[in-house]
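Asker: sequence plus the predicted model coming up.
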Amino acid sequence: MGAEVVERVFPPELRERLGRSVRLAPRPLTGPLDTPEAVEVLATTEILVTGWDCPPLTRQVLSRAPRLRAVVHAAGSVRPLVTDAVWERGLTVSSAADANAGPVVAFTLAAITFAAKSALTAAARYPDAWPAFAERTGTDGCTVGVIGASRIGRRVIEALNADTAAYRVLLHDPYVDEAEAARLGAELTDLADLCRRSAIVSVHAPELPETRGLLSAEMLSLVPDGGTLINTARGSLVDTEALARECATGRLSAYLDVTTPEPLPAGHPLLTLPNVLVTPHIAGTQGAEVRRLGVYATEEVERYVSGRELVGRTDRGDLLRVA
């Protein structure tokens, strides 16, 4: 992983703990995996702990690691890292995505609360918005449409249902049936119906070929006037220009932690509209939070060397429907 990543995710006391379970390489690998130092380290490596900035584990890289048995990723998605060669080798793969999910859920819930209270439009009209209570929907009875019953989407639904008087929850996910949706506390429906009925639409689906452009101009047009789109998943799931047009009219508002392109070019209308908040991909672990990724990965290594089941184990089939 990157040198800065190592220091943030694995501070000295955590590296010391990790070293009590395994024999660590003298120094973390922080660059390409084809340097003489990397080749020497990989030759005896059995567990590879990876993170942000790790190069892809190609067939050529893996050929230099004949003893490798497990890849423990101290970050979220393993998509940029894991290649077909990893699965062909039968390597065990673990991801700290669960550790990264907590901050994203908290960010999403904050955005949902702000959206339900029309915080952006009220702030833009301050002080003329006083008190204008009737203009704000509030949380009670507000319908939230969740797209994707991912690990984050499920936790968002659970939190929304914690206050039974507050929200009604709709769910669209092709891998979930009505019985499972009911257990989660949501009403399963198709995407168009979700858009029509939701005051707030929150995106938690993975980036897959079939999800790119999922929220097209047509789908966005179905969201009721005054509705809000929240995206903490991937920017490619939303038609950026169509959303910008909807927000420019004031018909919709948006909270966007991800966009396409990313970052948006200077002067893009989404960056200046008073009813849109764009943040620079900060919903996931940030600052002191990133240490939890290292803790998660360390615990996974401890489980692996003691023969216990990995909590964050990821299989090849999982990548067909997760981020």
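Answerer: Thanks, I have it. Numbers count the residues shown, from 1 in each chain.
Asker: surely residue 309 touches residue 92?
Answerer: No - counting by CB atoms under 8 Å, residue 309 sits too far from residue 92 to count as a contact (10.7 Å). (Glycine included, C-beta is placed from N, CA and C.)
Asker: which of those two has more neighbours?
Answerer: Neighbours were counted for residue 309 and for residue 92 using other CB atoms under 10 Å; residue 92 has more, 17 against 7.
Asker: without its sequence neighbours, what residue ends up closest to the more buried one?
Answerer: residue 70 (4.2 Å; CB to CB, 6 or more residues apart in numbering).
Asker: so where do the strands sit in the stretch 51-200 of the chain?
Answerer: 70-73, 92-95, 142-147, 167-172, 187-188, 200-203 (DSSP state E, counting those that start in this stretch).
Asker: out of these, deepest packed?
Answerer: Among the strands of the stretch 51-200 of the chain, ranked by average contacts under mean count of other CB atoms under 10 Å, first place goes to strand 200-203 (a mean of 27).
Asker: and the next element down the chain from it?
Answerer: Tracing the chain C-terminally past strand 200-203 and defining elements by DSSP states H and E, one meets helix 217-222 next.
Asker: starting at the chain centroid, how far to stretch 97-113?
Answerer: Relative to its parent chain, stretch 97-113 has a centroid offset of 9 Å by CA atoms, centre = their mean, to the nearest Å.
Asker: can I get the CA coordinates of it in PDB?
Answerer: The C-alpha coordinates for stretch 97-113 follow below in PDB (Å, rounded to 0.1, in the frame of the first residue of the first chain):
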ATOM      1  CA  ALA A  97     -15.400  -3.300   3.800                       C
ATOM      2  CA  ASP A  98     -17.500  -3.800   6.900                       C
ATOM      3  CA  ALA A  99     -15.200  -1.500   8.800                       C
ATOM      4  CA  ASN A 100     -15.500   1.100   6.100                       C
ATOM      5  CA  ALA A 101     -19.300   0.800   6.100                       C
ATOM      6  CA  GLY A 102     -19.900   2.500   9.500                       C
ATOM      7  CA  PRO A 103     -18.900   6.000   8.500                       C
ATOM      8  CA  VAL A 104     -20.700   5.700   5.200                       C
ATOM      9  CA  VAL A 105     -23.900   4.800   7.000                       C
ATOM     10  CA  ALA A 106     -23.500   7.700   9.500                       C
ATOM     11  CA  PHE A 107     -22.900  10.100   6.600                       C
ATOM     12  CA  THR A 108     -26.000   8.800   4.700                       C
ATOM     13  CA  LEU A 109     -28.200   9.100   7.700                       C
ATOM     14  CA  ALA A 110     -27.100  12.700   8.300                       C
ATOM     15  CA  ALA A 111     -27.800  13.500   4.700                       C
ATOM     16  CA  ILE A 112     -31.300  11.800   4.900                       C
ATOM     17  CA  THR A 113     -32.100  13.900   8.000                       C
END
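Asker: now that stretch: average pLDDT?
Answerer: For stretch 97-113, the mean pLDDT works out to 96.
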